[in-house]
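# please work out how this folds:
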Amino acid sequence: GLPRGGALGCPAPLGGARSGSAMKFGKNLARVVELSEPEWGPYWLNYRFLKKRIKEMSKGGESAKVDPAASGDPSALAASAQEVAFFRLLKAELRKVSDFFKTAERQFEMRRDRVREGHKQLREQGVLMDRAAWMRLLRSVVNFYKELLLLENFAIMNYVGFSKILKKHDKLTGFATRGKFMREVMSQKSFTHYPVVLEMLSEAEELFKDIQKMQSSVAPLQDEERLFIEAIRDLNYQASRLQEEEDGDSDNPSPVAAAGAAHAAAAATSAAAAAAAAP
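A predicted model of the protein is given here:
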């Protein structure tokens, strides 16, 4: 079957270790972007640019650390031209990421419908249908599944990126913005909750199993595909754990991390069964 529970013993793509908080997030993000679909490149959070902007702000006279008494004062933030400019850039990045995710999710729903209809047509014709048709359907399910995993990763890593950049901003400027921004602004965006993506991932897993049941002669996954799926699952699991660590000392639990961790946990629970069922 499709590999599940990627956190169980497969390579750790985030820097080659499992202590995500000890590694440079920017480098990890760059590696993830390279793994993802090339046309998605412009729509990822521009973490490096925002990080550079924060460093420039911290060197300016205006942005000497704010008095701790005013760290959470919106009027103090609004009085700083540099802060206003920074948050304008941050919100533009947020719109870009969120709009892309919404569009991509709709496109995946249309793909899901096509795959589902193809499966229905072949199932109605049963085992009499040409084996090649089942192989084509299997390939479409696998490709659909792989790209859905990448979309899940896009959601998780961008969420982590916004949290990280705000944490860096608050550390260097003295303002306390991260908690409120993540709670009141980020939580409203499309990629911070993705039940439809999780449903489509589960459906793809079920379709794969059903195809193998209907056609026992269908070839198993190639090693390259299996390793790719396991690596992305592991990457998603690690990113979710990283966000949990980020939120561990705050009152703002991450819905993305919770969703990703729940998906990884569910996958891990059935890993043994899936391995036993694999051809």
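# can you point out the buried residues in stretch 27-39?
Residues of stretch 27-39 classed as buried: 28-29, 32-33, 36 (neighbour count, 16 or more other Cβ atoms under 10 Å). For the C-beta atoms, the positions are set from N, CA and C on the backbone; glycine is no exception.
# next, count neighbours for D73.
For D73, the count of nearby residues is 14 (other Cβ atoms under 10 Å).
# read off the pLDDT value for it.
On pLDDT, D73 comes in at 74.
# what does the one 10 residues further on give?
At E83, the predicted lDDT confidence score is 92.
# how about it: what's its closest non-neighbour residue?
Excluding the flanking residues, the one nearest E83 by Cβ to Cβ, 6 or more residues apart in numbering is L77, at 5.0 Å.
# now do F228
Leaving out its chain neighbours, the residue that sits closest to F228 by Cβ to Cβ, 6+ apart is K146, at 6.4 Å.
# the one you found touches L227, doesn't it?
No - if you go by Cβ atoms under 8 Å, K146 and L227 don't touch, sitting 11.3 Å apart.
# quick one, helices of this protein?
Secondary structure of the chain by DSSP state H: the helices cover 25-35, 47-59, 74-78, 81-125, 131-173, 178-184, 195-214, 223-247, 255-269, 271-277.
# may I see these organised as CSV, with distance to G41 added?
Listed next are those as CSV, based on distance: least, Cβ to Cβ, whole Å:
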stretch, distance to G41
helix 25-35, 6
helix 47-59, 13
helix 74-78, 32
helix 81-125, 11
helix 131-173, 11
helix 178-184, 25
helix 195-214, 20
helix 223-247, 17
helix 255-269, 21
helix 271-277, 32
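# these: lowest mean pLDDT?
Across the helices of the chain, helix 271-277 has the smallest mean pLDDT, namely a mean of 37.
# relative to K59, how far out is the most centrally placed residue in the chain?
The geometric centre of the chain, computed from its C-alpha atoms, lies nearest to N153 (Cα atoms, centre = their mean), at 2.2 Å. For N153, the distance to K59 equals 34 Å [Cβ to Cβ, to the nearest Å].
# could you do R114 as well?
According to Cβ to Cβ, R114 and K59 sit 53 Å apart.
# which residue, other than its chain neighbours, is closest to M200?
Nearest residue to M200, sequence neighbours excluded (Cβ to Cβ, 6+ apart): R112, at 5.2 Å.
# sorry, that was for K55
Distances taken as Cβ to Cβ, 6+ apart place L172 nearest to K55, at 7.5 Å, with adjacent residues excluded.
# check K168 too.
I54 (5.8 Å).
# how distant is stretch 124-140 from the center of its chain?
From the chain centre to the centre of stretch 124-140 is a distance of 32 Å (Cα atoms, centre = their mean, to the nearest Å).
# meant to ask about stretch 143-154, not that
In terms of Cα atoms, centre = their mean, the centre of stretch 143-154 is found 9 Å from the chain centre.
# ok, stretch 168-184 next?
That offset, for stretch 168-184, works out to 22 Å (Cα atoms, centre = their mean).
# give the buried residues for it.
Across stretch 168-184, burial judged by 16+ other Cβ under 10 Å covers 168-170, 173-179, 181-182.
# redo those residues as a markdown table? Include distance to K65.
A markdown table is the format used below for the buried residues of stretch 168-184 (distance: Cβ to Cβ, whole Å):
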| residue | distance to K65 |
| --- | --- |
| K168 | 14 |
| H169 | 12 |
| D170 | 10 |
| T173 | 6 |
| G174 | 4 |
| F175 | 9 |
| A176 | 12 |
| T177 | 13 |
| R178 | 16 |
| G179 | 18 |
| F181 | 19 |
| M182 | 21 |
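# show me which pair in these is furthest apart.
Using Cβ to Cβ, the buried residues of stretch 168-184 span at most 18.1 Å, a distance reached by G174 and M182.
# related to what we said a few turns ago, surely the residue nearest to K55 and K59 touch.
No - counting by Cβ under 8 Å, L172 stays clear of K59, with 9.6 Å between them.
# quick one: contacts for the residue lying closest to E203 once chain neighbours are set aside?
Of all residues not flanking E203 in the chain, R112 sits nearest, at 6.8 Å (Cβ to Cβ, 6+ apart). With contact taken as Cβ atoms under 8 Å, 6 or more residues apart in numbering, R112 is in contact with 144, 200, 203-204.
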